[in-house]
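*Asks:* Coordinates for the following, if possible.
(one chain, ligands or ions: 1)
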Amino acid sequence: MNTLQVSTEIREAIIDQRPIVALESSFLSHGIPYPENVEVALEAAENIRRNGAVPATIALIDGQIKVGITKQEIQMIASKVDVRKTSIQDLPHVLSLRHTGTTTIATAAYAARHAGIRFLSAAGLGGVHTDIGNHLDISNDLFTMAESNICVVTSGIHPILDTLKTLDLLEALGVPVYGYETEHYPGFFNPATSIRVDSITANHAAEIMQMKDHLTLNQSIHIAAPLPAGKTLPEEHTTPFIHHTLQQMKDHHVSGKEVTNHWLSSFRSDKDILNAYKCILLHNADITAKIASLYHQSTP
Ligand SMILES: O=c1[nH]cc([C@@H]2O[C@H](COP(=O)(O)O)[C@@H](O)[C@H]2O)c(=O)[nH]1
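*Replies:* Prediction:
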């Protein structure tokens with residue numbers, strides 16, 4: 001049984017040791033409405049190619065994890081309703097039912113690791129939920145990163161999570177966290193949080209990945225890249241949006257794993273939030289491809 005299907009282009013790139021950037025696909029089913037989700041997926045892939053790497057979007061189709069889905073497959077998933085955003089704990093179930101599914105960072109990291117891809121670009125990392133005192137709600141992203149040996153670039157974690165506790169847990173799991181050319185952990189839609197991190201450049205990130213290879217450490221590294229100045233949103237915009245979304249969740253009794261799905265789907269109700277989210281996806285694709293290309297240039 002071959003549940004992991006790697007496209008010919010990606011297989012050849014792996015053999016030729018060319019840089020590859022994996023893309024998770026949750027934004028196709030939850031973050032961005034159709035047909036804009038298709039446009040963003042293709043533009044992110046284009047950004048990766050422009051920076052000298054090969055894009056590998058990962059999704060679940062017909063009982064297989066597909067690494068490097070085609071434009072037609074992107075179109076098919078993006079236009080379908082009720083596609084399941086699938087994290088590690090749901091993976092066997094969704095595959096056994098042969099359902100179509102999109103990937104979280106956890107599932108994409110799992111697939112990337114097994115395919116031999118070392119870099120993953122996404123919008124937001126899952127994390128420790130704020131109601132942790134009552135519900136032990138923690139995204140599987142964190143635990144998968146502890147063993148997937150890749151570089152995960154996001155713009156931080158989404159603002160309905162507890163950032164400090166998430167970073168504490170990553171530290172406990174041995175996953176180092178860096179700011180991309182910033183000493184402050186990014187605030188996702190907002191420019192920065194007050195949490196300090198080590199700042200690294202693309203060159204340094206490539207070196208850190210090589211050092212990790214040398215040390216045979218299995219943890220991933222997490223690089224948090226802020227949106228460029230002028231693209232972030234002020235807190236006066238995001239704070240009421242977050243409060244409104246949290247209130248809606250309370251009113252509709254949204255809890256557990258539905259929380260992240262509801263949060264992602266709420267982006268469609270605010271044009272500026274949706275635009276910032278698209279920018280995050282495209283910008284991170286650029287940065288990840290730069291790091292992947294530098295890593296391959298200097299790997300003997
Ligand atoms: O701001 C965001 N938060 C979360 C996600 C997605 O949600 C997943 C985490 O979901 P959960 O909390 O169900 O593990 C992440 O891996 C990512 O795919 C995202 O795209 N953007």
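*Asks:* Spatially nearest residue to whichever residue of the stretch 1-150 of the chain sits closest to the ligand, not counting backbone neighbours?
*Replies:* In the stretch 1-150 of the chain, no residue comes nearer to the ligand than G124, which is 2.5 Å away by C-beta to the nearest ligand atom. For every residue, glycine as well, the C-beta is placed using N, CA and C. Nearest residue to G124, sequence neighbours excluded (C-beta to C-beta, 6 or more residues apart in numbering): H158, at 4.3 Å.
*Asks:* Pop out the phi and psi values for the one you found.
*Replies:* Phi and psi for H158, reported as degrees, to the nearest 10, are phi -70, psi 150.
*Asks:* Pretty sure N190 is one of the things it touches, is it not?
*Replies:* No: checked against C-beta atoms under 8 Å, the pair H158 and N190 is beyond contact range at 11.4 Å.
*Asks:* residues contacting the residue of the stretch 1-150 of the chain closest to the ligand?
*Replies:* Neighbouring residues of G124 by C-beta atoms under 8 Å, 6 or more residues apart in numbering: 154-158, 188, 280.
*Asks:* H30 versus that one, what's the distance?
*Replies:* Distance of G124 to H30, given as C-beta to C-beta, to the nearest Å: 11 Å.
*Asks:* show me where the stretch 201-300 of the chain has helices.
*Replies:* 202-215, 235-251, 258-266, 271-298 (DSSP state H, counting those that start in this stretch).
*Asks:* Among those, single out whichever gets nearest to the ligand.
*Replies:* Distance to the ligand, taken as C-beta to the nearest ligand atom, is lowest for helix 258-266 among these, at 3.5 Å.
*Asks:* Give me the mean pLDDT for the closest one.
*Replies:* What helix 258-266 shows for mean pLDDT is 91.
*Asks:* again with stretch 38-57
*Replies:* For stretch 38-57, mean pLDDT is 98.
*Asks:* The residue nearest to G124: how many residues sit nearby?
*Replies:* 22 (other C-beta atoms under 10 Å).
*Asks:* Find me the pLDDT at it, would you?
*Replies:* Note for H158: predicted pLDDT of 85.
*Asks:* Pull the contacting residues for A53.
*Replies:* A53 neighbours (C-beta under 8 Å, 6+ apart): 18-21, 119, 288-289, 292-293.
*Asks:* Pull up the gap between it and P228, please.
*Replies:* Remark: distance between A53 and P228 (C-beta to C-beta) = 20 Å.
*Asks:* L97 now?
*Replies:* L97 is 41 Å from P228, by C-beta to C-beta.
*Asks:* Tabulate the helices of the stretch 201-300 of the chain in TSV, adding columns for mean neighbour count.
*Replies:* Converted to TSV, the helices of the stretch 201-300 of the chain look like this (neighbours: other C-beta atoms under 10 Å):
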stretch	mean neighbour count
helix 202-215	16
helix 235-251	14
helix 258-266	19
helix 271-298	21
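*Asks:* and L4, which of these is closest to it?
*Replies:* Closest approach to L4 among those is made by helix 271-298 (20.3 Å; C-beta to C-beta).
*Asks:* For this protein, name the helix or strand with the lowest mean pLDDT.
*Replies:* helix 258-266 (a mean of 91; mean pLDDT, DSSP states H and E).
*Asks:* Report the buried residues of stretch 155-169.
*Replies:* By neighbour count on 16 or more other C-beta atoms under 10 Å, the buried set for stretch 155-169 is 155-163, 166-167, 169.
*Asks:* of all the residues you listed, which comes closest to I208?
*Replies:* Distances from I208 to these, taken by C-beta to C-beta, are shortest for L167, at 17.3 Å.
*Asks:* For the stretch 101-250 of the chain, which residues are neighbours of the ligand?
*Replies:* Residues of the stretch 101-250 of the chain lying close to the ligand by C-beta under 6 Å from any ligand atom are 104-106, 122-124, 126, 139-141, 158.
*Asks:* nearest to N149, of the helices of the stretch 201-300 of the chain?
*Replies:* Using C-beta to C-beta, the helices of the stretch 201-300 of the chain put helix 202-215 closest to N149, at 7.6 Å.
*Asks:* Just the residues contacting the closest one, thanks.
*Replies:* So helix 202-215 is in contact with 118, 149, 151, 176, 178, 180, 200, 219, 221, 223, 287, 290-291, 294-295, 297-299, going by C-beta under 8 Å, 6+ apart.
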